[in-house]
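1. 3D, please:
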Amino acid sequence: MAAERGSRSRRGRGKRKCLMSSKDRKCEVSAPRFSFVPELPGSEGEMERRLEDILLRIAMETQEIKDLEQQLTEGQILANDALRKDLEGIISGLQQYYKSLTVQTSEAEQKVERLEVENESLRRRLEDTHRYCRRLEEQATAHKQAHSEDDKLSEMQPHTDRIRAKQRPRSRSRRDGESCLKDPTNCSNISAGPLDLHLLSSPEKEKEHRYHQHTETNDSEDDSGTLHCSAVGPSDGHRQSDRLRFEAEKLQRSLKKHRRVLGVCDEVWCVEQTLMKRRAELRRAQRLLQEAHSSTAQAQSEAEEWQRRAKDSIASLQQTQIQLREIQDEMQTLRKSRRVQNLDQSPILDFHSSDALASLRNQARESTAERRETTAAENTRAERARIQPQDHCAVSGAAAGGAVVSQEHFGLSHSRRTTETGASSV
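-> Residues are numbered from 1 along each chain as shown. Purely as a prediction, here's the structure:
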């Protein structure tokens, strides 16, 4: 009995030593944790939660930053593409409008040149027509003068006929007197009037009478408006009729010429009307040409304005790209600074990862050794429980302690895996 009591007391002391050694080992295993993490409030679960929260927050912020970068880049690219397409469409439309205006301007210039040539030809034709009209007017005035002279001659014709009728007996008596003077034998057959007898009795008086008769005849012709008043015979009448016929034909020709002049005047009037129309068309073409030039200048100014806007937009696009790069650089620097700040703020990242892993491995080894010892102790206790049922309580307490140690070992292994995962992600 005494031996059994001694063995029991030794076993009890061994159990107490084993329990004390397990507690000391537990304290020794947990000591490095408190020495490496002096700022932690206490448990590994809280540290793991904080680490997970920090990593989750970093991942969320990183994803948000990436999303913002993507949205900003896509929005800026879409806006720039839309602006570029609008500017290209506007510039192409202005170029087409400018080309159409250039074509219209060239056509208007060709039309103006053609109208100027036609105007010049019409002007020359008008000048020729005016010269021809002046010649015709001169001819018409000459014909009018001739016609007026013919009218005067026709008015003088009855008077000349009367004068001729008066001169016929005188010319006959004069011829008879001349024949008597040449051949006095023939004078017996001639009835001598008182005037003839008077002339025969005195040759000097006959000459004087002829002189007075000639002067009276000249005076009578001057009073009637004639230029010459000599004796007129039958041949002079034929010449007078021929002259009158010639004057009539001349008047007919002048009438035809007057008609031609009137026709030419009508043609001149038509040419003047055509010239006025051409001038109106020329003025309208010049006005259209001026409008085309003004619209061309306006289109050029608009094209220059749009080109300037395109250059400004390109410059703003380049500036925006530069700003985007700067923002990306700033975001990268901010990301790095946040990572550094999070690493500085997180208490778990203040330690060296190698030391933490080494301590966790040591704790795992110690917990494995404790588990083995507890397993051996449980086996020995089970054998002793068969022999001494009274030791069942002590054995059950040791088993409970081993269960606690195994639970602590499981928690340490879980914390080790979590820490290794966090360190690898960091």
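
2. Export stretch 270-285 to PDB, keeping only CA atoms.
-> C-alpha atoms of stretch 270-285 as PDB (Å, rounded to 0.1, in the frame of the first residue of the first chain):
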ATOM      1  CA  CYS A 270     -32.700  96.200-132.200                       C
ATOM      2  CA  VAL A 271     -28.900  96.100-131.700                       C
ATOM      3  CA  GLU A 272     -29.200  98.700-129.000                       C
ATOM      4  CA  GLN A 273     -31.900  96.700-127.200                       C
ATOM      5  CA  THR A 274     -29.800  93.600-127.500                       C
ATOM      6  CA  LEU A 275     -26.800  95.500-126.200                       C
ATOM      7  CA  MET A 276     -28.900  96.800-123.300                       C
ATOM      8  CA  LYS A 277     -29.900  93.200-122.500                       C
ATOM      9  CA  ARG A 278     -26.300  92.000-122.700                       C
ATOM     10  CA  ARG A 279     -25.300  94.800-120.400                       C
ATOM     11  CA  ALA A 280     -28.000  93.900-117.900                       C
ATOM     12  CA  GLU A 281     -26.800  90.200-118.100                       C
ATOM     13  CA  LEU A 282     -23.200  91.400-117.700                       C
ATOM     14  CA  ARG A 283     -24.100  93.400-114.600                       C
ATOM     15  CA  ARG A 284     -26.000  90.500-113.200                       C
ATOM     16  CA  ALA A 285     -23.100  88.200-113.900                       C
END
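
3. Buried residues, that stretch. List them.
-> Applying a neighbour-count criterion of 16 or more other C-beta atoms under 10 Å, the buried positions in stretch 270-285 are 271, 275, 278, 282, 285. C-beta here means a position set from N, CA and C on the backbone, and glycine is covered the same way.

4. outside of that stretch, which residues touch it?
-> 108, 111-112, 115-116, 118-119, 122-123, 125-126, 129 (C-beta atoms under 8 Å, 6 or more residues apart in numbering).

5. Identify, from the residues you listed, the entry nearest to residue 339.
-> Sorting the contacts of stretch 270-285 by distance to residue 339 puts residue 108 at the head of the list, at 72.7 Å, by C-beta to C-beta.

6. any idea which helix or strand carries that closest one?
-> Here residue 108 sits within helix 44-182, counting by DSSP states H and E.

7. For stretch 108-115, buried residues please.
-> Along stretch 108-115, these residues count as buried under the neighbour rule (16+ other C-beta under 10 Å): 108, 111-112, 115.

8. mind giving me TSV with these and columns for pLDDT and distance to residue 139?
-> Compiled in TSV, the buried residues of stretch 108-115 are given as follows (pLDDT from 0 to 100; distance: C-beta to C-beta, whole Å):
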residue	pLDDT	distance to residue 139
108	84	45
111	84	41
112	85	40
115	86	35
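
9. These: which two are farthest apart?
-> Every pair of the buried residues of stretch 108-115 checked by C-beta to C-beta; the farthest is 108 and 115, at 10.3 Å.

10. coming back round to it: what's the closest of the contacts of stretch 270-285 to residue 377?
-> Of all the contacts of stretch 270-285, residue 108 has the smallest distance to residue 377: 117.8 Å, by C-beta to C-beta.

11. Wait, the closest one touches residue 287, no?
-> No. Under the criterion of C-beta atoms under 8 Å, residue 108 is not in contact with residue 287, lying 9.9 Å apart.

12. Just send the contacts of stretch 270-285 back as TSV, with distance to residue 310 too.
-> Conversion of those to TSV gives the following (distance: C-beta to C-beta, whole Å):
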residue	distance to residue 310
108	30
111	35
112	35
115	40
116	41
118	45
119	45
122	50
123	51
125	55
126	55
129	60
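
13. And those, which is closest to residue 267?
-> Nearest to residue 267 out of these is residue 129 (C-beta to C-beta; 7.0 Å).

14. what about the nearest residue to that closest one once chain neighbours are set aside, which helix or strand?
-> Among residues not flanking residue 129 along the chain, residue 268 sits closest, at 4.7 Å (C-beta to C-beta, 6 or more residues apart in numbering). Taking DSSP H and E as the definition, residue 268 sits inside helix 234-345.

15. State the distance from residue 366 to residue 322.
-> In this structure, residue 366 and residue 322 are separated by 60 Å, where distance is defined by C-beta to C-beta, to the nearest Å.

16. Give me the more crowded residue out of those two.
-> Comparing residue 366 with residue 322 by other C-beta atoms under 10 Å, the one with more neighbours is residue 366, at 17 against 10.

17. could you give me the average pLDDT of the one helix or strand that one maps to?
-> Element membership of residue 366, judged by DSSP H and E, is helix 353-387. For helix 353-387, the per-residue pLDDT values average out at 70.

18. With stretch 148-155 instead?
-> Model confidence over stretch 148-155, given as mean pLDDT, is 77.

19. buried ones in that stretch?
-> Burial within stretch 148-155, assessed by neighbour count using 16+ other C-beta under 10 Å, is assigned to residue 150.
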